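In: Just need the structure, nothing else, for what follows:
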Amino acid sequence: MRITVFGSGGVGGYFGALLARAGHEVTFIARGAHLEAMRARGLQIKSVHGDFHLRPVHATDRPEEAPPADLVLYAVKTYHIPETVGVLPRLLAPEGVVLTTQNGVEAPDQVAAVVGTERTLAGAVWVVSQIEAPGVIRQESAFRRVVVGELDGRLTPRAQAIAGAFAAAGAEAEATAEIRKVLWTKFLFIAAIGGVGSLVRLPVGAWREVPETRALLEQAMREIEAVARAAGVPLDPDVVPQTMAFIDRLAPTATSSMQRDVEAGRPLEIEAMSGAVVRIGARYGVPTPAHAFIYAVLKPIHAQAQRKAGVFAEASR
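Out: Okay, here's the model as predicted:
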């Protein structure tokens, strides 16, 4: 399969490397020092599942240099979607498809609005990986899971084939006829713990048993559950107790990715998290006060990080 990875960080770079190692023709779209290191030294993967080194790799910052792709693995951060989504149609072969991997629940529809529902697959990804240094990705989780589904709820041969490619490359992967349910179930967990953790800024073991903070976490989950049900998404009846139990089993030192972004001064995916809960809730008339509060507190932090990132990028030119 001819694959283009658009966004070659922790998620795209890692899964793209797995697919390349499995024999697929992979082009990585990257930028900056990470791109230059990949061009010069290849892509190094440090993983709990075994280290490996791809050399050489086809990497570029010019999407037009990528050959027409059977699969575009779209792995940019959610706040980069508006500036990149318009490029996607030019990356696809006539029968090609885009697979979204973003956190949240809005990215598949944002992509489908540009390339068409018939050329969009939604993906839910579970992995802990990040760029450790330019040209080096560290993957730290025992899990590396990908779930793929059609937006119209069909279980199609192409979704099964793409899931099969990930599975053959070493990931735990499956195709589903319930991708909306999968996305919202993950969203209920990640938006709630990410929002509350980003406010508290302590490892989860320091706050999950504090009654007031635990109540805020559960309220954040209940709001997402209510919005999902209003939108017609059939979440499990016990999705909140299940998710709370999962959080109780997390290592006490665990933190969310958004919390780590706050602490590192990086831009946040707040619009795709609590911002999305508030927007979609308003659409269906569902009150979302917990997420409105989280959004109000974190939005200026995100804005400041974006300004600093923009100044740095301008100074680096």
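
In: State the phi and psi torsions of Thr84.
Out: phi -120, psi -20 (degrees, to the nearest 10).

In: swap in Arg31?
Out: phi -160, psi 170.

In: do Met273 as well
Out: phi -100, psi -100.

In: what's it in contact with, if anything?
Out: The contact partners of Met273, by C-beta atoms under 8 Å, 6 or more residues apart in numbering, come to Asn103, Gly104, Ile190, Ala191, Gly194, Gly195, Met258, Ile294. In short, each C-beta sits where N, CA and C put it, glycine included.

In: Which member of those is positioned nearest Ile179?
Out: Gly104 (13.4 Å; C-beta to C-beta).

In: which residues touch the closest residue to the closest one other than its chain neighbours?
Out: Spatially, and ignoring its direct neighbours in sequence, Gly104 is nearest to Ala272 (3.6 Å; C-beta to C-beta, 6 or more residues apart in numbering). Contacts for Ala272 (C-beta under 8 Å, 6+ apart) come out as Thr78, Tyr79, Gln102, Asn103, Gly104, Glu106, Ala107.

In: again, only using 6 Å
Out: Contact partners of Ala272, counting by C-beta atoms under 6 Å, 6 or more residues apart in numbering, are Thr78, Asn103, Gly104.

In: Would you pull up how far stretch 86-104 lies from the middle of the chain?
Out: 15 Å (C-alpha atoms, centre = their mean, to the nearest Å).

In: Show me what counts as buried in that stretch.
Out: Within stretch 86-104, the residues that count as buried by 16 or more other C-beta atoms under 10 Å are 87-88, 91-92, 96-104.

In: try stretch 63-81
Out: So for stretch 63-81, counting by 16+ other C-beta under 10 Å, buried means 63, 66, 69-79, 81.

In: Next one, pLDDT for Ser316 please.
Out: Ser316 is assigned 35 on the pLDDT scale.

In: What is the burial count for Gln306?
Out: Gln306: 14 surrounding residues under other C-beta atoms under 10 Å.

In: That one: helix or strand, and which one exactly?
Out: In the assignment (DSSP states H and E), Gln306 maps to helix 289-315.

In: Show me what that helix is packed against.
Out: Helix 289-315 sits against helix 211-230, helix 274-284, with contacts defined as 3 or more C-beta pairs under 6 Å, 6 or more residues apart in numbering; DSSP states H and E.
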